[in-house]
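Colleague: with the input below, show me the fold.
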Amino acid sequence: MTGETRIPPKKITGLRGALVKRFSRSMLGEVPESAGVLWHHPAVFKDFMGIGRKAEKWGKVDPNLTTYAVMSAAATIGCHACLDINYFMTHHRGLDAVKAREVPGWRDSNVFTPLERQVLEYGEAMSHTPPAVTDEQSAALLETLGPAALLELTTRVALMNAMARANITLGIKSQGFSDSCGLPPLTDREGATTANT
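Modeller: I've put the predicted structure just below:
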């Protein structure tokens with residue numbers, strides 16, 4: 001992680017801390033420095049992370065579509081830590097990492113299907129302040145995905161908005177998890193667009 005967080009990381013200790021470290025290492029290969037920031041309030045840490053893990057099990061939306069929507073939200077808000085971790089998770093879950101890499105510049109990319117572009121636009125529109133989702137955007141996704149899937153997609157993007165805004169506010173930056181994937185995202189850790197190679 002580059003730079004200083006606005007709340008200094010705390011050492012993760014105790015039995016619950018050991019479980020957090022073991023889970024983090026099994027999922028990411030290491031314990032994110034941001035976990036130490038959240039460890040100042042273990043109940044907040046547990047509940048905030050818990051809702052994210054539960055949301056991943058809902059299963060009404062194709063995981064690639066969900067990934068594109070939440071990454072579009074993260075890119076719109078400017079959370080490079082969120083893009084980094086989502087790219088890493090996309091790669092390690094066997095999802096389409098090539099397309100995930102293109103999310104920050106999706107409007108200029110030709111790799112996305114019309115439905116994927118609708119989902120990307122929806123995630124982006126939800127993440128503006130105030131939200132800029134139109135009736136037409138919602139109606140098109142409702143017709144294609146159905147009400148349960150649209151509700152799930154909306155909630156997943158809303159959760160990303162909460163996480164991204166918290167990360168930025170706390171000064172949590174990218175830790176470079178995506179570096180291990182061999183196909184870095186098209187934005188660097190500070191958000192500058194890199195060459196399309």
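
Colleague: tell me which residues are up against the longest helix along the chain.
Modeller: Of all the segments of type helix in the chain, defined by DSSP state H, the longest one is helix 147-170. Helix 147-170 is contacted by residues 5-7, 34, 37, 48, 51-52, 55, 58, 60-61, 65-66, 69-70, 73-74, 77-79, 81-82, 119, 122-123, 126-127, 138, 141-142, 145, 172 when judged by C-beta atoms under 8 Å, 6 or more residues apart in numbering. C-beta: built from backbone N, CA, C; applies to glycine.

Colleague: tell me the spacing between Lys173 and Leu141.
Modeller: 32 Å (C-beta to C-beta, to the nearest Å).

Colleague: mind splitting the protein into its structural domains?
Modeller: For the chain, the structural domains run 12-57, 59-181, going by automatic domain parsing.

Colleague: and among those, the most buried is which?
Modeller: Mean neighbours per residue, mean count of other C-beta atoms under 10 Å, is largest over the domains of the chain for domain 59-181, with a mean of 19.

Colleague: and it, how far out from the chain's middle?
Modeller: Relative to the chain's own centre, domain 59-181 is displaced by 7 Å; criterion: C-alpha atoms, centre = their mean, to the nearest Å.

Colleague: so Val61 makes contact with Thr144?
Modeller: No: here Val61 lies out of contact with Thr144, judged by C-beta atoms under 8 Å, at a distance of 10.8 Å.

Colleague: show me where this protein has helices.
Modeller: According to DSSP H, the chain carries its helices in the segments 14-28, 33-38, 42-55, 63-77, 80-92, 97-102, 114-126, 135-145, 147-170.

Colleague: what stretches of this structure score poorly on pLDDT?
Modeller: The chain contains residues with pLDDT under 70 at 1-3, 183-197.

Colleague: contact partners for His92?
Modeller: Applying C-beta under 8 Å, 6+ apart to His92 gives the contacts Cys181.

Colleague: how close does Cys82 get to Phe112?
Modeller: From Cys82 across to Phe112, the span is 19 Å (C-beta to C-beta).

Colleague: I am finished for the moment; much appreciated.
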